[in-house]
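Participant: Have a look at this prediction, sequence included:
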Amino acid sequence: MGRFTLPRDLYHGKGSLSELANLKGKKAIVVVGGGSMKRFGFLDKAVDYLKQAGMEVQLFENVEPDPSVETVMKGAEAMRAFEPDWIVAMGGGSPIDAAKAMWAFYEYPETSFEDLITPFSFPTLRTKAKFCAIPSTSGTATEVTAFAVITDYAKGIKYPLADFNITPDVAIVDPDLAETMPKRLTAHTGMDAMTHAIEAYVSTLHCNYTDGLALHAIKMIHNNLKKSFDGDMAARAAMHDAQCLAGMAFSNALLGIVHSMAHKTGAAFSGGHIIHGAANAMYLPKVIKYNAKNAEAVERYAEIAKFIDLPGSTTEELVDALCAELRNMNTQLEIPLSIQNYGQGGAVADKGIIDEKEFNEKLSDVAANAIGDACTGSNPRIPTQEEMEKLLLAVYYDKEIDF
């Protein structure tokens with residue numbers, strides 16, 4: 001038996017933020033990030049709409065990129081003091097993910113973070129509040145997913161929390177918010193969305209309900225991401241929809257080891273974070289080559305290539321064309337092709353910020369953590385320790401390895 005879960009209501013299109021005025025409740029806490037929603041006026045609009053709905057409103061601001069366990073606990077404490085019946089999270093994936101985790105600790109104060117690490121282990125939510133998510137970036141699709149990524153900085157590990165309980169009740173996908181994204185963020189979040197769609201399509205849990213969403217998202221992203229990166233706002237709006245469709249697919253089909261690797265390398269090195277979307281973009285072509293040894297996966301990668309009109313008369317040629325096209329997209333979007341050339345903010349650099357010696361010293365532990373990641377179980381192939389180390393090295397040096 002399969003399961004397909006989405007928000008109860010999804011409002012989309014320009015101006016759909018106004019739907020906040022129709023929420024029914026007494027108190028709303030709005031969780032936001034570092035200030036872009038305030039600078040561009042969207043936070044004030046959201047608060048005004050919620051007040052029009054007759055609600056008392058409190059803010060929880062300054063959720064950091066790659067939100068920490070500590071931030072989650074502070075937010076949950078603020079919620080317990082305020083007692084909202086709506087949690088409204090707006091911005092990039094970080095504040096929305098953080099708010100999802102805060103929600104669990106608000107309703108169940110005795111729960112520990114360790115209790116939630118096991119996939120699909122959350123207690124029943126909505127005993128105190130419902131959840132509305134409003135994305136400002138076009139990538140994570142956390143507004144429609146059963147996932148949140150929280151970082152334990154003491155351990156240097158990102159944990160993907162997974163449970164259908166944290167799928168939002170309401171999603172508002174308003175492209176006006178996405179128009180504010182800078183170029184690099186547009187690139188990274190767009191390739192994150194592409195990875196979501198491709199991994200969902202080849203996941204061991206893909207089904208008829210997810211396949212169409214994944215394929216259409218892939219085509220939309222392929223057609224619109226570079227134009228969005230270059231400032232085309234019609235393409236930016238299309239990307240906002242495409243990333244949401246990709247989210248609908250992967251929330252139900254789950255993901256694979258591109259995300260496992262990204263989660264476990266993101267906060268592992270002292271030189272700096274590897275931004276999630278950039279990590280996915282770098283890792284995806286290598287993982288496709290690895291997964292293509294699986295008989296079903298290789299056919300499905302070839303189907304993707306044909307669907308976006310890439311050249312090739314054989315399955316192998318089509319898979320090679322897909323990998324080449326993804327690498328070409330990375331180059332066009334100014335994303336490095338290797339960790340060795342990964343610079344500050346995800347830019348291409350002659351000398352990257354991830355030290356070669358440190359990378360190799362931590363290789364074994366990072367590989368083991370990646371294998372143990374929640375996303376590994378639905379990958380078409382389950383890598384051995386040796387294979388995962390080879391994959392990570394292949395991405396660090398941008399070299400081909402025969403798996």
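Facilitator: Noted; the coordinates are in hand. Numbering: from 1, shown residues only.
Participant: Residue 213: how many residues sit nearby?
Facilitator: If you count neighbours by other Cβ atoms under 10 Å, residue 213 ends up with 22. Every residue, glycine included, has its C-beta placed from N, CA and C.
Participant: same question but for residue 372, I mixed them up
Facilitator: There are 12 residues near residue 372, going by other Cβ under 10 Å.
Participant: repeat for residue 104
Facilitator: 23.
Participant: so what's it scoring on pLDDT?
Facilitator: Predicted confidence (pLDDT) for residue 104: 96.
Participant: Now do the contacts for it.
Facilitator: Under the criterion of Cβ atoms under 8 Å, 6 or more residues apart in numbering, the neighbours of residue 104 are 76, 111, 116, 122, 123, 125, 165, 166.
Participant: Widest-spaced pair of those residues?
Facilitator: Across those, no pair lies farther apart than 76 and 165, at 15.2 Å, counting by Cβ to Cβ.
Participant: Return the list of helices and strands in contact with the one helix or strand in the chain whose mean pLDDT sits lowest.
Facilitator: Comparing every helix and strand of the chain by mean pLDDT, DSSP states H and E singles out strand 157-162 as the least confident one, with a mean of 87. With contacts defined as 3 or more Cβ pairs under 8 Å, 6 or more residues apart in numbering; DSSP states H and E, the secondary structure elements packing on strand 157-162 are helix 113-117, strand 147-152, helix 257-265.
Participant: Could you pull out the buried residues of the following helix or strand past it?
Facilitator: Using DSSP states H and E, the helix or strand that follows strand 157-162 in sequence is strand 170-173. Under the neighbour-count criterion of 16 or more other Cβ atoms under 10 Å, strand 170-173 has 170, 171, 172, 173 buried.
Participant: Once you drop chain neighbours, what's closest to the first one?
Facilitator: In this structure, residue 170 finds its nearest non-sequential neighbour in residue 132, 4.2 Å apart by Cβ to Cβ, 6 or more residues apart in numbering.
Participant: what's across from the one you found in the sheet?
Facilitator: Residue 132 forms beta bridges with residue 88, residue 170, as assigned by DSSP bridges.
Participant: Make sure it is actually in contact with residue 144.
Facilitator: No - with contact defined as Cβ atoms under 8 Å, residue 132 does not count as touching residue 144 (12.0 Å).
Participant: Need the overlap of contacts for the two.
Facilitator: Common contacts of residue 132 and residue 144, defined by Cβ under 8 Å, 6+ apart, comprise 168, 171.
Participant: what about residue 370, how many neighbours?
Facilitator: The number of residues packed near residue 370 is 25, by other Cβ under 10 Å.
Participant: quick one: it from residue 92, how far?
Facilitator: According to Cβ to Cβ, to the nearest Å, residue 370 stands 24 Å off from residue 92.
Participant: same check, this time on residue 324
Facilitator: 30 Å.
Participant: So for these two, which sits in the more crowded spot?
Facilitator: For residue 324 against residue 92, the residue with the higher neighbour count under other Cβ under 10 Å is residue 92, and the figures read 25 against 14.
Participant: Mind telling me what element the residue lying closest to that one once chain neighbours are set aside is part of?
Facilitator: Setting aside the residues directly before and after it, residue 92 is nearest to residue 137 in space (Cβ to Cβ, 6+ apart), at 4.3 Å. Assignment of secondary structure by DSSP H and E places residue 137 within no helix or strand.
Participant: picking that back up, identify, from the contacts of residue 104, the entry nearest to residue 268.
Facilitator: Sorting the contacts of residue 104 by how near they are to residue 268, with Cβ to Cβ, puts residue 116 at the top with 21.1 Å.
Participant: who's more crowded, residue 76 and residue 165?
Facilitator: Here residue 76 and residue 165 are set side by side on neighbour count (other Cβ under 10 Å), and the busier one is residue 76, at 23 against 19.
Participant: ok, that one - contacts?
Facilitator: Residues touching residue 76, when contacts are defined by Cβ under 8 Å, 6+ apart, comprise 101, 102, 103, 104, 105, 106, 109.
Participant: Pipe the residues you listed into JSON lines and attach distance to residue 330 and secondary structure per row.
Facilitator: Rendered in JSON lines, the data for the contacts of residue 76 read as follows (distance: Cβ to Cβ, whole Å; DSSP: H, G, I helix; E, B strand; the rest coil):
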{"residue": "101", "distance to residue 330": "31", "secondary structure": "helix"}
{"residue": "102", "distance to residue 330": "34", "secondary structure": "helix"}
{"residue": "103", "distance to residue 330": "35", "secondary structure": "helix"}
{"residue": "104", "distance to residue 330": "36", "secondary structure": "helix"}
{"residue": "105", "distance to residue 330": "37", "secondary structure": "helix"}
{"residue": "106", "distance to residue 330": "39", "secondary structure": "helix"}
{"residue": "109", "distance to residue 330": "44", "secondary structure": "coil"}
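Participant: What is the nearest of those to residue 225?
Facilitator: Of all the contacts of residue 76, residue 225 sits closest to residue 101, with 29.1 Å by Cβ to Cβ.
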